[in-house]
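Visitor: dropping the sequence and predicted coords here.
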Amino acid sequence: MPVKIRLQRHGKKGKPFYWVVAADARAKRDGRYLEKLGTYNPNTNPATIDINEENAVNWLEKGAQPTDTARTLMSYKGIMLRHHLNGGVRKGALTQEEADKKLAAWLEEKDAKIQAKKEGLTKEETDASAKRFAAEKAVSDKRLADAAAAEADATIAEEAAAAETASVEEEAPVEEAAPTEEAPVKETAPTEEVLAKDEAPLASKEEAKEEKKE
């Protein structure tokens, strides 16, 4: 029975999560499998790979063929190197102790690279966060400055309007009340009785004079 080591998809839409399984090559991709060897989560940075090395090597030694993606994942974890070194030990090209030393040295170097990558990602994330904070602070400061300037302009405009109103009130002439004209006294023509009274004394005097002459 041909066996393949391949990925079986799980997870939600847009966030895939894979199992690394040993399955019959004739089975469906997400169908029945012979053994679950580990998991692969590409949603993290760096990706999370967890594979049982002993079981994976056993399947490789039994002739299981990994797919390209499964081979890449197992190479990343050093499983393919371990399988290769075990073949050298079986052929007598090197001892088990030498094979273990080479594998340990490779794993140490690999761990250093992974750690450096994680630190680089952390630094990049920190720098990006600092830049975002600085940009947001600049926008906030500008917004506050604009608000203060607008408030100052409004205050100046109000003061100018108040000063202009006061100057207009000072310059306006005070309206004096127009003098009222007294109605002229209408002179009435003297009546006949009044004229008679005025002329009566004159007549009496003239009569008195004439009587004295006589």
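Guide: In hand now; what should we look at? Numbers count the residues shown, from 1 in each chain.
Visitor: from residue 58, how far out is residue 33?
Guide: 15 Å (C-beta to C-beta, to the nearest Å). Every C-beta, even on glycine, is put in place using the N, C-alpha and C of the backbone.
Visitor: an error on my part: the question was meant for residue 163.
Guide: Distance from residue 163 to residue 58, by C-beta to C-beta: 95 Å.
Visitor: rewinding a little: looking at residue 33 and residue 58 now, which is surrounded by more residues?
Guide: Between residue 33 and residue 58, counted using other C-beta atoms under 10 Å, the more crowded position is residue 33 (21 against 15).
Visitor: how about that one, what does it touch?
Guide: Listed by C-beta atoms under 8 Å, 6 or more residues apart in numbering, the contact set of residue 33 reads 8, 19, 21-24, 27.
Visitor: sort the residues you listed by pLDDT and name the bottom one.
Guide: Within the set of the contacts of residue 33, pLDDT is lowest for residue 27 (86).
Visitor: pull out the buried positions in stretch 2-22.
Guide: For stretch 2-22, the neighbour count (16 or more other C-beta atoms under 10 Å) marks 3-8, 18-22 as buried.
Visitor: tell me the two of those that are most distant?
Guide: Farthest-apart pair in the buried residues of stretch 2-22 is 3 and 18; separation 17.8 Å (C-beta to C-beta).
Visitor: what's the closest non-adjacent residue to residue 67?
Guide: Among residues not flanking residue 67 along the chain, residue 6 sits closest, at 4.5 Å (C-beta to C-beta, 6 or more residues apart in numbering).
Visitor: and the contacts of the helix or strand hosting that neighbour?
Guide: Using DSSP states H and E, residue 6 sits within strand 3-12. For strand 3-12, the surrounding residues in contact (C-beta under 8 Å, 6+ apart) are 16-25, 29-30, 33-34, 37, 40, 56, 59-60, 62-67, 69-70, 74.
Visitor: hmm, back to that, want to throw the contacts of residue 33 into a markdown table with secondary structure and distance to residue 93?
Guide: Output for these, formatted as a markdown table (DSSP: H, G, I helix; E, B strand; the rest coil; distance: C-beta to C-beta, whole Å):
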| residue | secondary structure | distance to residue 93 |
| --- | --- | --- |
| 8 | strand | 35 |
| 19 | strand | 34 |
| 21 | strand | 32 |
| 22 | strand | 27 |
| 23 | strand | 32 |
| 24 | strand | 33 |
| 27 | coil | 36 |
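Visitor: quick one: which of the residues you listed is nearest residue 114?
Guide: Using C-beta to C-beta, residue 19 is the member of these that sits closest to residue 114, with 22.1 Å.
Visitor: which residues does that closest one bridge with?
Guide: Taking DSSP bridges as the rule, residue 19 bridges to residue 8, residue 39.
Visitor: tell me the confidence at residue 121?
Guide: 76.
Visitor: go ahead and confirm it touches residue 45.
Guide: Yes - under the criterion of C-beta atoms under 8 Å, residue 121 makes contact with residue 45 at 6.1 Å.
Visitor: which residue is the nearest non-sequential neighbour of residue 114?
Guide: Using C-beta to C-beta, 6+ apart, the closest residue to residue 114 is residue 46 (6.7 Å).
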